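Trainee: A predicted structure for the sequence below; I have some questions about it.
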Amino acid sequence: MLNKTGVPTAEDVLTVTPSEERLKKGPVAIIECFQEIPCNPCTEACKQGAIQPMEDINNLPQLDYDQCNGCGVCLSRCPGLAIFIVDASYSETEAIVRIPFEYVPVPRVGESVVGLNRAGEELGTFVVNKVQSGGQKNKTYTIWLVVPKALAMDVRSIRLGGLRHAN
Ligand code: SF4
Ligand code: SF4
């Protein structure tokens, strides 16, 4: 499925999903990198040693969820926009999903934006809680989005401009 559509299957996603117990503890990286390509900035970016060094640059990144503190540095360094941070400890009912974003305009804090799943389907509108610039040389912004906990492993991109389909 991934090779044909570019959309990971539920089975693919399960392979990068931390346990419920780890998710409850606080922010953690979700590395949705499913294709073997020559790339490794994520391993270099992680100063916690949570992403194992690759023996072969084509290997898929291997993350130790218990070593990861959810700092998000790897998210802004990933050229594939394949890394997200999920914080299921945000509140009783809501989670924060941090999403890489490289378009303009950049959303503002407090703005409602459309959250999309991996297939680009609308999941609703959600409020931006924080916007982090990647810095002068890094065009990747990190958008912090407040979503219902049940959607924390589903919302993976955003679009400005409102819903196009009635949900
Ligand atoms: S979020 Fe931070 S600690 Fe976790 S893998 Fe990324 S860089 Fe390492
Ligand atoms: S930097 Fe991103 S695309 Fe490259 S190996 Fe790491 S997760 Fe995959």
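Mentor: In hand now; what should we look at? Ligands and ions are numbered 1, 2, ... in the order given.
Trainee: List the buried residues in the lengthiest strand in the chain.
Mentor: Using DSSP state E, we find that the single longest strand of the chain is strand 122-132. The neighbour-count check on strand 122-132 (16 or more other Cβ atoms under 10 Å) flags 122-123, 126, 128-129, 131 as buried. To be clear about C-beta, it is placed using only N, CA and C from the backbone, and glycine gets the same treatment.
Trainee: try stretch 66-78
Mentor: Across stretch 66-78, burial judged by 16+ other Cβ under 10 Å covers 68, 70, 72-78.
Trainee: Considering these, which is situated nearest to ligand 2?
Mentor: residue 78 (3.3 Å; Cβ to the nearest ligand atom).
Trainee: ok, now how distant is that closest one from residue 45?
Mentor: Distance of residue 78 to residue 45, computed by Cβ to Cβ, to the nearest Å: 8 Å.
Trainee: Now tell me what touches the longest strand of the chain from outside.
Mentor: 72, 76, 96, 106-117, 141-147, 151, 154-155, 158, 162-165, 167 (Cβ atoms under 8 Å, 6 or more residues apart in numbering).
Trainee: Using TSV, lay out the buried residues of strand 122-132 together with distance to residue 15 and pLDDT.
Mentor: Below are the buried residues of strand 122-132 laid out as TSV (distance: Cβ to Cβ, whole Å; pLDDT from 0 to 100):
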residue	distance to residue 15	pLDDT
122	26	97
123	22	98
126	26	98
128	29	98
129	28	97
131	30	98
